[in-house]
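Student: Sequence first, predicted coordinates after that:
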Amino acid sequence: MYLLLAVILVALEATYEGLKYKGHHIFSATIEGLYRGLIVVGLYLWITNYILSPWELAHPENFWKLIIAFILFRFGSFDLIINKVMGESWSFVGTTKAYDKAIRWFCNKTRIPIPFFRSIQLMLAFIGAMVLIFGNTDKI
């Protein structure tokens with residue numbers, strides 16, 4: 001259930017960002033509105049304790065592990081999804097955003113090829129996904 005929510009959130013965000021870069025502003029704004037609506041409604045339902053039972057952690061000590069797993073999953077999958085939406089190769093790194101410049105700088109300084117860096121991101125996404133799958137159990 002946690003992995004499904006993470007996939008929906010990351011995919012929607014990456015999709016509207018990629019569509020915006022490709023010039024599809026109206027469709028991008030529609031998906032961004034859906035994304036933000038899901039966030040707002042979800043937070044409202046959580047704050048009002050309406051969705052406690054299906055999301056309540058059986059093991060509350062796993063809360064921070066789930067947060068870190070989501071961050072790993074997002075870091076590992078966001079760039080790959082946005083590259084596919086934009087029609088670029090999976091190892092594409094832009095040149096305009098500070099994040100892209102930081103990745104290029106890191107890869108140049110460490111001499112890590114960008115496709116290898118993307119492979120590391122895939123592994124981190126997989127690790128995050130596994131933790132999200134077992135997030136409400138005592139297995140993590």
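Tutor: Alright, I've got the coordinates.

Student: what comes up buried for the helix or strand where L132 lies?
Tutor: Following DSSP states H and E, one finds L132 within helix 114-133. Using 16 or more other CB atoms under 10 Å as the test for burial, helix 114-133 gives I114, F117, R118, Q121, L124, A125, G128, A129, M130, V131, L132, I133. Quick note: C-beta positions are derived from backbone N, CA and C, even for glycine.

Student: Can you tell me which residue is spatially central in the protein?
Tutor: Residue closest to the average C-alpha location in the chain (CA atoms, centre = their mean): R74, at 2.5 Å.

Student: tell me the contacts of it?
Tutor: R74 is in contact with A6, L9, V10, G128, counting by CB atoms under 8 Å, 6 or more residues apart in numbering.

Student: State the distance from it to A6.
Tutor: Counting by CB to CB, to the nearest Å, the gap from R74 to A6 is 7 Å.

Student: And for W46?
Tutor: Using CB to CB, one gets 16 Å for the distance from W46 to A6.

Student: Just want to know which of those two has more residues nearby.
Tutor: Between W46 and A6, A6 has the larger neighbour count (other CB atoms under 10 Å), namely 23 against 12.

Student: Show the secondary-structure elements that the helix holding L132 is packed against.
Tutor: helix 2-22, helix 63-86, helix 98-110 (3 or more CB pairs under 8 Å, 6 or more residues apart in numbering; DSSP states H and E).

Student: With distance to L38 added, can I get these in JSON lines?
Tutor: Below are these laid out as JSON lines (distance: least, CB to CB, whole Å):
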{"stretch": "helix 2-22", "distance to L38": "7"}
{"stretch": "helix 63-86", "distance to L38": "15"}
{"stretch": "helix 98-110", "distance to L38": "23"}
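
Student: how about those in TSV, adding mean pLDDT and distance to F92?
Tutor: Shown next, in TSV, are these (pLDDT from 0 to 100; distance: least, CB to CB, whole Å):
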stretch	mean pLDDT	distance to F92
helix 2-22	88	11
helix 63-86	90	5
helix 98-110	94	9
